[in-house]
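In: please find the sequence and the predicted model below.
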Amino acid sequence: MHRNLMSPIRLRGQVLRNRIVFGAHTNNMADDGLPGPRTAAYLLERALGGAGMIVAEPMPVHRTGVLTRGNFRHGTDEVIPHFRKVTEPVRDAGAVILQQLYHIGAHGDSDLSFAPHWSPSGGPSYHDSDGSHRMTETEIEELIEAHVATARRCKAGGFQGVEVWAAYHSLLDQFWTPWSNSRDDRWGGSLENRTRFSRTIIERIRRDCGEDFIIGLAVSTSDAQDVTLSVESLLEILALHDATGHVDYITCGHGGYLDFERLMPTFLFGEKLTAPVTEQIRAVVKHAKVTSEAHVRTPENAEAIIAAGQADLVSIVRGQIADPHLARKTAEGRADAVRGCISCNQMCWGRRSRDYWISCLVNPSVGREWEWGGDRFTPSAMPQDVLVVGAGPAGLEAARAAAERGHRVTIAEAAPQIGGQFRLAGMQPRRGQILDLLDWYEREFARLGVTLRLNTFLDEDDIAAHPAQTVILATGSLPDAEARQRWLPGVGPLPGLDLGGVWSTEEVLRREARLGDTVIVLDEGGNWRGVGTAWALAEQGRQVVIVTPDPYIGKEITRTSADGPARARLARAGAQFLTEHVITRWHGNGATVRSLLTGTEETIAASALVTATTNIAFDPFPETIPGKGVHRIGDCVAPRLAAYAFHEGRKVALTL
């Protein structure tokens, strides 16, 4: 079924067992600049999961290029023995492993580097508000040698090659792009001069690391700004590098620092984003293999790209974060058993954007492989009967993981379908991947022998009478029936609530609300619960006004890079934004809003008010149930985002 994707391919002296790459990305897991158990287990899990090639976390080559707290140390051989503890197990597991080398150029982070950003021409940073330093020729030579020295350390550390980073308008891309390279010396102007920096780096890495060392080149494409490289210019540059015979593969991503939301595209974007461009790259290069990346989410996507001749390899990063065994399951003919990435960015980029080590909303073992054994389960020494009450994210993962460990599991859900509020989120625009994930849980339950009982409300007596020794309560949370607002802490219930016409987002998505044509959405969370519901209403043709105490719409999804595209979708659908405001009274046909900046009030006409305020934990059971071991997880303990429910579900199952 996936014969093209799973066929081997040769790079230099190495044979990759399939075409699936776990591409370079910042997992931010280093300990004091050194790869430790967290890093090693994270990469090893993907090698055990069948990936053909793994490209490890980007490594800064110089003090002026440090971008994250979790970056590896630059400029020192201290990393070499620590790298060997990473590379040797990965190679033993059958994967080829490379290291990406990077320098961000103008777009640095002074908070972490405490150094000026070096760039070709001293342009502005699109990472923060700093300017950059125009390099002297001596400094250019220093950075060339820094790249080469880092490559030598990588080889000594057991890496079988390096990937030279020229994507996303990084330092090398800044040299290539006339807009950011206004030099008039031998490093600027003509195409030969603008590519001299990158070609020299690659030639010297080949010289120092040998003919059997893999050298890749990472690039990207974007049409968001006229000043970035066109596809035609990029093809000309890549043909020039390919002609040297030193570049073994080219991987093409999407977006960059001038359009960051495309760099790690969420569900707001289409899939297989760079396949049309990699097809063009493949047509112009004679030596290098070509890798397509950016939203190649599933084995089906990947097979289609390879089969159509659009690339030789595919980089599936978030897909293998969500399911590290994606490649192995595909090779076994079990692609339907792959846990699908839902393209949310919440715990991968969402944690990295706050400089934490990354994880995954749907796979809480990410970053904890060294503690939890990854996605491989140790059978319980004492299998038992387990009753899970509630089939939202916490209950689903608890039931699945407990069954994986050999327990006999029953999961009871009062609703006619699994998923709880998470299913409602899947009913928002473009979020159908959530529903796909819920279908995956049902398939896993069938495989594992989990008993699923829908339309089953259990009370205390029902639970006490159940034969299970262990009960896991995952009953979730409910909307606050009083619509209290965080930023009006002394007010209590929303004044005018008794007049009717006030609905929760859950009631809206369940289609229980009678709304009329003009709707106010009170969004206190700044996340998809409010933003996605407002978007759904606007797309239905309703006039929507979003009121939020935050300074802009979608503040909490900024960490996922989806807030800008979400606001654009809302604006195009006609939604109006009222920021830094609260609602002081509902009138039944409108609301009085108050500015948090000036204290002034105005009244907005509306036929309905939809509230996305903080939920209330729903736990109707006593603290203890005689004869049962009781565990409470997820929102019934405290209402939070879905990631923490999945996490607690897995965690409790591992303790049984």
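Out: Yep, it's here. Since this is a predicted model, take the numbers as computed values, not measurements.
In: parallel or antiparallel, list what pairs with the helix or strand V388 falls within.
Out: In this assignment (DSSP states H and E), V388 forms part of strand 385-389. Strand 385-389 pairs in its sheet with strand 408-412 (parallel), strand 470-473 (parallel), by DSSP bridges.
In: quick one: closest of those strands to H103.
Out: strand 470-473 (48.6 Å; Cβ to Cβ). All C-beta spots, glycine's among them, are computed from the backbone N, C-alpha and C.
In: related to what we said a few turns ago, could you redo the strands paired with strand 385-389 as CSV and give each row distance to A167?
Out: CSV is the format used below for the strands paired with strand 385-389 (distance: least, Cβ to Cβ, whole Å):
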stretch, distance to A167
strand 408-412, 44
strand 470-473, 44
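In: out of the ones you listed, nearest to C344?
Out: Smallest distance to C344 across these (Cβ to Cβ): 23.8 Å, for strand 408-412.
In: so for that closest one, what's the average pLDDT?
Out: Averaging pLDDT along strand 408-412 gives 98.
In: what sits closest to L515 if chain neighbours are left out?
Out: Sequence neighbours aside, A608 is the residue nearest to L515 in space, at 4.2 Å (criterion: Cβ to Cβ, 6 or more residues apart in numbering).
In: so who does that neighbour touch?
Out: Neighbouring residues of A608 by Cβ atoms under 8 Å, 6 or more residues apart in numbering: G501, V502, W503, A513, R514, L515, G516, T518, V519, I520.
In: could you redo the last one with a cut-off of 6 Å?
Out: Contacts for A608 (Cβ atoms under 6 Å, 6 or more residues apart in numbering) come out as G501, L515, G516, V519.
In: re earlier: where's the helix or strand just after the strand holding V388 relative to the chain centroid, distance-wise?
Out: Using DSSP H and E, the helix or strand that follows strand 385-389 in sequence is helix 393-404. Chain-centre distance of helix 393-404: 22 Å, with Cα atoms, centre = their mean, to the nearest Å.
In: who does helix 393-404 touch, helix- and strand-wise?
Out: strand 385-389, strand 408-412, helix 432-448, helix 642-655 (3 or more Cβ pairs under 6 Å, 6 or more residues apart in numbering; DSSP states H and E).
In: ok, back up a step: JSON lines for the strands paired with strand 385-389, including mean neighbour count?
Out: Shown next, in JSON lines, are the strands paired with strand 385-389 (neighbours: other Cβ atoms under 10 Å):
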{"stretch": "strand 408-412", "mean neighbour count": "23"}
{"stretch": "strand 470-473", "mean neighbour count": "24"}
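In: and T298, which of these is closest to it?
Out: Of the strands paired with strand 385-389, the one closest to T298 (Cβ to Cβ) turns out to be strand 408-412, at 26.5 Å.
In: can you list contacts of the closest one?
Out: Residues contacting strand 408-412 (Cβ under 6 Å, 6+ apart): 385-389, 391, 395, 399, 402-403, 450-453, 456, 458.
In: for V388, see how far away T456 is.
Out: 11 Å (Cβ to Cβ, to the nearest Å).
In: of the two, who's got more company?
Out: V388 (33 against 15; other Cβ atoms under 10 Å).
In: beta partners of the more buried one?
Out: I411, I472.
In: so it touches I472, yeah?
Out: Yes - counting by Cβ atoms under 6 Å, I472 is a contact partner of V388 at 4.6 Å.
In: okay, now the domains of the chain?
Out: Taking automatic domain parsing as the reference, the chain has its domains at 9-341, 385-478+617-655, 497-614.
In: just the closest of the contacts of strand 408-412 to P639, please.
Out: Closest to P639, out of all of the contacts of strand 408-412 and judged by Cβ to Cβ, is G395, at 15.0 Å.
In: for the closest one, which non-adjacent residue is spatially closest?
Out: G395's closest residue in space is A474 (Cβ to Cβ, 6+ apart), at 3.4 Å.
In: H25: how many residues sit nearby?
Out: Quick note: H25 (other Cβ under 10 Å) scores 21 neighbours.
In: for the remainder of this discussion, apply numbering that starts at 25.
Out: Sure, I'll start counting at 25 from here, so that last one is H49.
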